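> pasting a predicted model and its sequence here:
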Amino acid sequence: MSEMLVRMTELHTEKTGRGILVTLTALMAAAPMVNYAMSAASPVLVGERVVSATLLAVIPTVTFTLAAVIGRLAGPLTDRLPIALQLRVLFGLSAASLVLAATGATFTSILVAGVLAAPAQALCNSATNRSIRAVAPASAVPRWTGVKQSGVQFGQLVAAVVVVTAVSSGVGWRIGFLALALVVLVTAFGQMSNSLSVRDGPTMVARAPRTPLPAAARLAVVVVGLTGLAMQSVNVYLALFVSDALRLGSVAGGVAVACVGLSGVVSRTVIARALAWGWSTAAAMRTTTASALLVPIGLWAAGTGAAWVVWLVAVIAGVSLLGVSTVANTLLIRSCPPTALGAASGQLSMWMYAGFAVGPLATGALLGWSGSFAVAWLPSALSIAAAVVLTLRVPADKRGQSAV
């Protein structure tokens, strides 16, 4: 009888854990969805003169600059506020940003929508990392981290598919945006019971003392910032590159963005499992970062006549650039004390969003100045090269760390 009760308890805990993981993954998908929707719709937005190719970079620059500031200043706040409250607020901001972008349909309204989404993007990582630390079994931390991080690219995939479908069917990108907002709201309400079951645990403190990051974590957050510069440049300008420079059309541009999202979902899950099985975080970071060098090389090759290479680039970008953050988040969760994890995740978000802000701005400025994507991809190539050099200094995992 006692064995049966223990087994029933374990099954209930496992079911609850899966439900919470679904909620965290859904939040990671919803938070940046307005950005991915705008990226997928960028050829149409430029064609309808809602925004110019140069101003296209202003929207993510403003959004991510604000997100970087919020992540740095408000990251420690996530160590003190109830997790369930944070999840509800962040879901709501994500849905509201999509509605505003669709109903306004002007550059100003889209910019304001990006600003509205900034807090959700800044704090979703801190909130979900803290949730994982509070709920996940220690041995499952890498897997949970990979799954919830894959939510970002699942959101990118969903946004691209919905927007491309709306544009190609003739109903327009605005209906696509509203459909995405509805998906976010329905998901939020559907996952409400799971978010309420997340335990705040002992990490709730009045004010955690400032704790310096371990050396490996400090290097990891800078690497995330540098690769984030390249990643967001690709996210923002890939659809326009495929549509205009390669002359494959706006639908193909949206499909390319979807390919990045799909490969990102798969790669983040696979990388997380490899980390759980003992792959060193240092080796994983070097591998994913070094392979990202193929992204700008492939984009240059596609622009010089081998247009088919762009589909390989989309897959490689998802595997490499999007895999770095899974490794970095796993490293933070493993190495930082529970009472400082929100603050540490805030620092990672700050560096990541700083890269997100600078990348599209530099890419757009060079594109406007030169009229050439070959020149526009230079900042991405240089930032990835710098990240590769930094990964060589990431120390090897301490004995036993891979098991958490």
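Received the coordinates, thanks.
> how close does L81 get to A127?
In this view, L81 and A127 are 9 Å apart by C-beta to C-beta, to the nearest Å. Quick note: C-beta positions are derived from backbone N, CA and C, even for glycine.
> okay, now the unreliable bits of the stretch 201-350 of the chain?
For the stretch 201-350 of the chain, the stretches with pLDDT under 70 are 201-212, 338-342.
> and the helices in it?
215-240, 250-276, 281-291, 294-303, 309-335, 341-370 (DSSP state H, counting those that start in this stretch).
> list the buried residues in the first one.
Meaning helix 215-240. 216-217, 219-240 (16 or more other C-beta atoms under 10 Å).
> what of the last one?
Neighbour-count burial for helix 341-370, with 16+ other C-beta under 10 Å as criterion, is recorded at 341-364, 366-367.
> how much space separates the closest residue to I59 other than its chain neighbours from A245?
Distance criterion C-beta to C-beta, 6 or more residues apart in numbering; nearest residue to I59, sequence neighbours excluded, is G114 at 4.9 Å. In this view, G114 and A245 are 25 Å apart by C-beta to C-beta.
> and these two? Which one has more around it.
Just comparing G114 and A245: by other C-beta atoms under 10 Å the higher neighbour count belongs to G114, 25 against 19.
> thought the more buried one was touching A96?
No. The criterion here is C-beta atoms under 8 Å, and G114 misses it with A96 at 11.9 Å.
> now V234: how far from L81?
Separation of V234 from L81 (C-beta to C-beta): 34 Å.
> pLDDT wise, what is the closest residue to T106 other than its chain neighbours at?
Counting by C-beta to C-beta, 6+ apart, V50 is the residue found nearest to T106 once chain neighbours are left out, at 6.6 Å. On pLDDT, V50 comes in at 85.
> show the pLDDT at the residue nearest to I59.
90.
> and it, how far from A362?
18 Å.
> do I132 as well
The spacing between I132 and A362, counted by C-beta to C-beta, is 33 Å.
> how about V255?
According to C-beta to C-beta, V255 stands 26 Å off from A362.
> what do you get for P43?
Using C-beta to C-beta, we find P43 at a distance of 21 Å from A362.
> so what's the gap between stretch 255-266 and the chain middle?
Centroid separation between stretch 255-266 and its chain, computed with C-alpha atoms, centre = their mean, to the nearest Å, is 12 Å.
> typo on my end, it should be stretch 228-240
Worked out by C-alpha atoms, centre = their mean, stretch 228-240 lies 12 Å from the chain centre.
> how about the nearest residue to the residue nearest the centre of the chain, chain neighbours excluded?
By C-alpha atoms, centre = their mean, the chain has its centre lying nearest to V152, at 4.5 Å. Distance criterion C-beta to C-beta, 6+ apart; nearest residue to V152, sequence neighbours excluded, is M28 at 5.0 Å.
> my read: the one you found touches G151, true?
Yes. With contacts counted by C-beta under 8 Å, M28 reaches G151, the gap being 3.4 Å.
> from what I see, the residue nearest to the centre of the chain and A29 are in contact.
Yes. Counting by C-beta under 8 Å, A29 is a contact partner of V152 at 6.6 Å.
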